[in-house]
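Enquirer: Okay, predicted coordinates and the sequence, questions at the end:
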Amino acid sequence: MINLFRLTSFRLIFIYTILLVISVFLIAFYLHLSTSRDLKNRVDEDTIKESKMLISVYQRGGVNRLARSIAQLSQIPNANLYALRNNKNDIIAGNFKDKESLWNLKRLDDGWVSFSSIRNQESINQSLPPKEKFFRGKEFILQGSYNLIIGRDVSNEVYLWKRFLTNIISATFFVLILGLFGGYVLSRNILNRISAINRTSIEIMDGDLSQRLPVGLIDDELNQLSANLNLMLDRLNKLMIGMKDVSDNIAHDLRTPLNKIRTNLEVTLMSNPTSENYKNSIQEVIQDIDIVINTFNSLLAISRVESGSLSLDKEKIDINKMLENVIDLWEPLAEEREIILINQCDQDVQLEGNRNLLSQAISNLIDNAIKYGPNGNKINVGAKLEKDNVILWISDNGPGIPDSDKERVLERFTRLDISRNTQGTGLGLSLVNSSIKFHKGSISLLDSNPNGLIVKLELPKIN
Amino acid sequence: MHILLIEDDINAARYVIKGLRESGHVVDHASDGEMGLDMTLSSSFDVIVIDRMLPKIDGLSLIIKLREENIRTPILILSALGEVDEKVKGLKAGADDYLAKPFSFSELLARIEVLHRRTNPETEETFLKVGNLSMNLLSREVHRSNIKIDLQPREFRLLEFLMRRSNQVVTRTMLLEGVWEYHFDPQTNVIDVHISRLRSKIDKPFNENQMLFTERGAGYALRSND
């Protein structure tokens, strides 16, 4: 059996049920109290009026006149209750006969009394046990040790009050039980959903990141929470896979040059080398090691830019001049392969940013366009102002990037050839990506017509 | 050349000292800032190499102190904080050049040698001459053996940079920094193409000794041909 009180939902329902019961009880009690007081006041007024009349009769005509008046009054249907007693406590007039019940009447303030009797009634049905009747009245002590009680049957009110009390208590119990049961059912429902979430969480903690929390059809807060947690898990999973890919790729990318270095040194050592051989292989080894160092430097540069740990200066950059400079760097290499580099930049396009990072990004993009495009390719580089953004583009007539790979190429170590044997570290575009992120811009890879790639960078003019 | 190396990392220092001595230089070593300051004040050096992070007195403060003491020796600052901003800080403090760790030894050697030769300020010269190659910085004309060579602006800048550092190895990074003002290394070796272009203009047409050399694994050098 589950410990219901450990559940927030059950605790809440329980507390609310109790509060509901108490407030219903209080409201009913107050309503009853105020209506019954009204009724009592009206009855009491009647009694007082009648008693004044009877006392004046007594004062004028003595006991006999009084007894006669009482007898007359008793004839009226639905009459009040009268009991005139002498000093021996015998009832000498009136329609109330049960003199024993008057022995233990209860005296209240201002001569008011209350008493009850079982016997003073004409039983309509003899087989039923006589029901106790309740009365309320005013007692007057008259000269000559006479005692007059004028009263009224208040059994209805008393029974109503009693019935009200039992009703409200049973209703309270009913509400309480209903509340607890409802709370139990609702809590069990929520508990089931939460334990499903808990079970899945434990599976995920045990390492199965592919598991997802159950999400129901209703768009309630629990389902929203599960859906959001699932989105978080998706993102985490993607990051984990990314991390794994990066470390796999680092391992692969470092093993290749290291193997090459090792083989190179081994072969040199075996072949009875001359000092010229030594010199050659050492130079080759240095070049291979430089590749490894380059990879590390690029990785570090990317993570420094991405983590924002770098406090990079920002300055106003004349984009046209910057593009001119980068093109100047690449033009001879492009010309060797009959590739034409064209600057389509508008005049007076300015941007606040880090010149080095942006130049490197453009340089990497031109590098890619030259490296992966055919000889005789045409590469357009340009920039223009569009509202508060600077749009920069590099387009080529190369092979382009298939849609399925467009997201992937921005990640570290992505190289689109499976053999991973072409030149390059696979970090060029990642560095572009992180540098654009640093400038709070966005990068999109578009298809060029009929073939080729357009890299479009959108950068805010002022950071 | 008499070089002072102020570096607290003993392993790194040992390898740099060995390399520099094998290249024919005299090297003194100080392992902290205070010791470095004492040594600079007591004897004179041709070039001082200072690590950015040093015990007792850190690299930047040491450079500021030396410059206050009116010591004009060229200073190269080394640092693992290989970022452009750090470089600016170092140069502002009074260093003449900056090299980020990890560096290749040939890069360090090339920079030290260039620093040592940089005796006369660049701005004063209007005429450069290496062997029979001459450059007029006012008319922006280049001649070899009295034959005029047409150069594009960037080729002119590249040649000027090399001529000012003639007979010394200049690395790819130094060229990128000095000619293009870039503080990054493109993945593809674009500088090689620039150099071979320049070579096709200043060397190839002349039936003389080669002047512009590629030093494998190190960089390039413009050597006088006489």
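Expert: Done, it's in. Residues are numbered from 1 along each chain as shown, chains lettered A, B, ... in the order given.
Enquirer: what's in contact with stretch A:218-231?
Expert: A:I190, A:R193, A:I194, A:I197, A:R212, A:L213, A:P214, A:V215, A:G216 (CB atoms under 8 Å, 6 or more residues apart in numbering or on different chains). All C-beta atoms are positioned from the backbone trio N, CA, C, and that covers glycine.
Enquirer: Name the residues of it that are buried.
Expert: A:L222, A:N223, A:S226, A:L229, A:N230 (16 or more other CB atoms under 10 Å in any protein chain shown).
Enquirer: and chain B, which residues reach chain A?
Expert: B:83-85, B:88, B:102, B:104, B:154, B:180, B:182-188, B:190, B:193-194, B:197, B:216-217 (CB under 8 Å from any CB of the partner chain).
Enquirer: Next, count neighbours for residue 35.
Expert: Using chain A here. 12 (other CB atoms under 10 Å in any protein chain shown).
Enquirer: sorry, should have said chain B
Expert: Neighbours around B:M35, by other CB under 10 Å: 17.
Enquirer: quick one: contacts of stretch A:173-188?
Expert: A:2, A:4, A:7, A:9-10, A:13-14, A:16-18, A:20-21, A:24.
Enquirer: what about 10 Å?
Expert: By CB atoms under 10 Å, 6 or more residues apart in numbering or on different chains, the residues outside stretch A:173-188 that reach it are A:2, A:4-18, A:20-21, A:24-25, A:191, A:194.
Enquirer: the domain parsing of chain A - what is it?
Expert: A:4-172, A:221-305, A:312-460 (automatic domain parsing).
Enquirer: Also chain B?
Expert: Looking at automatic domain parsing, the domains of chain B come to B:2-117, B:122-222.
Enquirer: was I right about A:L385 contacting A:E458?
Expert: No - A:L385 is beyond contact range of A:E458, at 11.4 Å (criterion: CB atoms under 10 Å).
Enquirer: what residues are shared contacts of these two?
Expert: A:I391.
Enquirer: So for B:H29, what's the pLDDT?
Expert: The model reports B:H29 with a pLDDT of 91.
Enquirer: Also B:R154?
Expert: 87.
Enquirer: list the contacts for the nearest residue to it once chain neighbours are set aside?
Expert: Leaving aside its sequence neighbours, B:R154 sits nearest to A:D328 (CB to CB, 6 or more residues apart in numbering or on different chains; 5.3 Å). Going by CB under 10 Å, 6+ apart, A:D328 touches A:L341, A:N343, B:Q152, B:P153, B:R154, B:R157, B:V179, B:W180, B:H194.
Enquirer: next one: the strand or helix carrying A:D328 to chain centre, how far?
Expert: Following DSSP states H and E, one finds A:D328 within helix A:319-336. On the basis of CA atoms, centre = their mean, to the nearest Å, helix A:319-336 sits 54 Å off its chain's mean C-alpha point.
Enquirer: Buried residues, that helix. List them.
Expert: So helix A:319-336, judged by 16+ other CB under 10 Å, has buried residues A:319-320, A:322-323, A:325-334.
Enquirer: and the gap between the residue of the stretch 351-463 of chain A found nearest chain B and B:F127?
Expert: Residue nearest to chain B within the stretch 351-463 of chain A (CB to the nearest CB): A:Q360, separated by 4.4 Å. Look at A:Q360 and B:F127: by CB to CB, to the nearest Å, they are 36 Å apart.
Enquirer: the more surrounded of the two?
Expert: Between A:Q360 and B:F127, counting by other CB under 10 Å, A:Q360 is the more crowded of the two (24 against 10).
Enquirer: which residue packs closest to that one, ignoring adjacent ones?
Expert: Per CB to CB, 6+ apart, closest to A:Q360 is B:F184, 4.4 Å.
Enquirer: how close does A:L225 get to chain B?
Expert: 43 Å (CB to the nearest CB, to the nearest Å).
Enquirer: in what helix or strand does that residue lie?
Expert: Using DSSP H and E, A:L225 falls in helix A:221-270.
Enquirer: Name the residues of the helix or strand following that helix that come out as buried.
Expert: Sequence order places helix A:275-307 as the next helix or strand after helix A:221-270, per DSSP H and E. By neighbour count on 16+ other CB under 10 Å, the buried set for helix A:275-307 is A:281, A:284-286, A:288, A:291-292, A:295, A:297-299, A:301-302, A:304-306.
Enquirer: got the angle between helix A:275-307 and helix A:221-270?
Expert: 170 degrees (axes from the mean of the first three to the mean of the last three CA atoms, to 10 degrees).
Enquirer: does chain B sit close to helix A:275-307?
Expert: Yes - using CB under 10 Å from any CB of the partner chain, helix A:275-307 reaches chain B at A:279-280, A:282-287, A:289-291, A:293-298, A:300-301, A:304.
Enquirer: Need the CA coordinates for the helix holding A:D328. CSV is fine.
Expert: Output of helix A:319-336 as CSV, limited to C-alpha atoms (Å, rounded to 0.1, in the frame of the first residue of the first chain):
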residue,chain,number,x,y,z
ILE,A,319,33.7,45.0,-45.2
ASN,A,320,34.7,45.9,-48.8
LYS,A,321,38.3,46.4,-47.7
MET,A,322,38.3,43.3,-45.6
LEU,A,323,37.0,41.2,-48.5
GLU,A,324,39.5,42.8,-50.8
ASN,A,325,42.3,41.8,-48.5
VAL,A,326,41.1,38.2,-48.1
ILE,A,327,40.7,37.9,-51.9
ASP,A,328,44.2,39.3,-52.3
LEU,A,329,45.5,36.5,-50.1
TRP,A,330,43.7,33.7,-52.1
GLU,A,331,43.9,35.1,-55.6
PRO,A,332,47.2,33.6,-56.7
LEU,A,333,46.1,30.1,-55.5
ALA,A,334,42.8,30.5,-57.3
GLU,A,335,44.5,31.7,-60.5
GLU,A,336,46.7,28.6,-60.5
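Enquirer: thinking again about what came up before, what subset of the contacts of stretch A:173-188 is buried?
Expert: Buried among those by 16+ other CB under 10 Å: A:L4, A:L7, A:S9, A:F10, A:I13, A:F14, A:T17, A:V21, A:L191.
Enquirer: Save these as TSV, and put in pLDDT and secondary structure too.
Expert: Listed next are the buried ones among the contacts of stretch A:173-188 as TSV, based on pLDDT from 0 to 100; DSSP: H, G, I helix; E, B strand; the rest coil:
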residue	pLDDT	secondary structure
A:L4	65	helix
A:L7	71	coil
A:S9	73	helix
A:F10	77	helix
A:I13	80	helix
A:F14	81	helix
A:T17	83	helix
A:V21	82	helix
A:L191	82	helix
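Enquirer: near chain B too, which of the residues you listed?
Expert: Answer for those near chain B: none qualify (CB under 10 Å from any CB).
Enquirer: returning to that earlier point: just name the closest of the buried residues of helix A:275-307 to chain B, please.
Expert: A:I286 (4.3 Å).
Enquirer: In contact with the closest one: list those residues for me.
Expert: Contacts of A:I286 by CB under 10 Å, 6+ apart are A:I261, B:S104, B:F105, B:S106, B:R216, B:G217, B:A218.
Enquirer: Find the residue at the geometric middle of chain B.
Expert: Central residue of chain B (CA atoms, centre = their mean): B:R111, 2.8 Å from the mean position.
Enquirer: How about the contacts made by the spatially closest residue to B:D150 that is not a sequence neighbour?
Expert: Closest residue to B:D150 apart from its sequence neighbours, by CB to CB, 6+ apart: B:K201 at 7.6 Å. Contacts for B:K201 (CB under 10 Å, 6+ apart) come out as B:V142, B:R144, B:I149, B:D150, B:L151, B:Q152, B:E155, B:L159, B:L212.
Enquirer: Give the helix, strand or coil label for B:K201.
Expert: helix (DSSP: H, G, I helix; E, B strand; the rest coil).
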